[in-house]
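**Student:** After the sequence you'll find the predicted model.
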Amino acid sequence: MFWDYLLLGAVGFVAQLIDGALGMAFGVISTSTMLAMGVPVAQASAMVHTAEVFTTAASAASHIAHKNVDWKLVARLGIGGVIGAVLGAWVLSNIDGKVIQPFVAFYLLLLGVFILLKAARKIPKRDAPIALAPPLGLVGGFLDASGGGGWGPIVASTLIGSGQAPRQAVGSVNTTEFFVTVAAATTFFVELGIAPWRELIALVIGGVLAAPFGGWAVKKLPPRILMTMVGILVMSLSAWQLARWFKLF
């Protein structure tokens, strides 16, 4: 059991380090690890979202301190994100959410290719379209809660792909994720009860220790390099999920 807790702590640290710098991956990495350990899908998602209440708070503080946050974008994303998270958590608590995972993975694979193509040429910095943010938050929040992860890959990737400055996109998405996570975790608590606290503590400690480095990293990395890293990460995660779905390994 000690090694399981140590593994979860390490997973939390690495996942949050990547998530804080690239705006994605904590949910996907943590959930995937727990599923490999035999944790049921709904319980794994509940535990990850409960842990993210603490890690996203620390990550948001880091991004705010480094001035990576566009508060107007946070407000636009947050409204739809909270509604989507509540719906997604309720669905996963009552229906098998794995049905939609291959469709999300395929979308992300295409999105990763699109981002890499964008990174190959100069991307103008502009605010995310007002009309895009609320429905994007709704879809991202729903898929994140129902699929055990996906807020960052869907929302951050789409914003960056549409031309939003990577630094502001990552910082704003990470900050908004706190509110989305609170909504999902609360719904999971009502539907499923308290998450296993020992595993939860290990995940939280690892994630909180890594959170302060994310805001610094995204501030220092050049936008083109950051976009390339996001594209590669999204493609890798989605390809891995599709390979698991089709039982290629």
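**Tutor:** The structure has been received and is ready for your questions.
**Student:** Now V11: closest residue in space, sequence neighbours ignored.
**Tutor:** T33 (4.8 Å; CB to CB, 6 or more residues apart in numbering). In this view, the C-beta of every residue, glycine as well, is placed from N, C-alpha and C.
**Student:** Dump the C-alpha coordinates for the helix or strand harbouring the one you found into PDB.
**Tutor:** Here T33 is covered by helix 26-36, with elements defined by DSSP states H and E. C-alpha atoms of helix 26-36 as PDB (Å, rounded to 0.1, in the frame of the first residue of the first chain):
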ATOM      1  CA  PHE A  26      -3.700  16.400 -14.700                       C
ATOM      2  CA  GLY A  27      -7.100  14.700 -15.100                       C
ATOM      3  CA  VAL A  28      -6.100  12.500 -18.000                       C
ATOM      4  CA  ILE A  29      -2.800  11.300 -16.500                       C
ATOM      5  CA  SER A  30      -4.200  10.800 -12.900                       C
ATOM      6  CA  THR A  31      -7.400   9.100 -14.100                       C
ATOM      7  CA  SER A  32      -5.600   6.800 -16.500                       C
ATOM      8  CA  THR A  33      -3.200   5.800 -13.700                       C
ATOM      9  CA  MET A  34      -6.000   5.000 -11.300                       C
ATOM     10  CA  LEU A  35      -7.900   3.000 -13.900                       C
ATOM     11  CA  ALA A  36      -4.700   0.900 -14.500                       C
END
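**Student:** Rounded mean pLDDT for the very next helix or strand once past it, please.
**Tutor:** Note on helix 26-36: by DSSP H and E, the next helix or strand toward the C-terminus is helix 41-65. Per-region confidence: helix 41-65 scores 86 on mean pLDDT.
**Student:** For helix 41-65, name the packing helices and strands.
**Tutor:** Helices and strands touching helix 41-65, by 3 or more CB pairs under 8 Å, 6 or more residues apart in numbering; DSSP states H and E, are helix 2-22, helix 26-36, helix 71-94, helix 133-147, helix 166-192, helix 197-220.
**Student:** ok, back up a step: for the residue nearest to V11, grab the count of nearby residues.
**Tutor:** Burial of T33 is recorded as 20 neighbouring residues (other CB atoms under 10 Å).
**Student:** cool, and W245?
**Tutor:** Counted with other CB under 10 Å, W245 comes out at 14.
**Student:** any idea how far it lies from V11?
**Tutor:** From W245 across to V11, the span is 21 Å (CB to CB, to the nearest Å).
**Student:** Out of the helices and strands packed on helix 41-65, which gets the lowest mean score?
**Tutor:** helix 26-36 (a mean of 76).
**Student:** got the buried residues for that helix?
**Tutor:** F26, G27, V28, I29, S30, T31, S32, T33, M34, L35 (16 or more other CB atoms under 10 Å).
**Student:** Let me know the closest of those residues to P212.
**Tutor:** Within those, proximity to P212 (CB to CB) peaks at F26, which comes in at 14.6 Å.
**Student:** I figured the closest one hits V53, correct?
**Tutor:** No. Taking contacts as CB atoms under 8 Å, F26 lies outside contact range of V53: 11.8 Å.
**Student:** who's in contact with E177?
**Tutor:** Counting by CB atoms under 8 Å, 6 or more residues apart in numbering, E177 touches E52, T56, S59, A60, G81, W151, G152.
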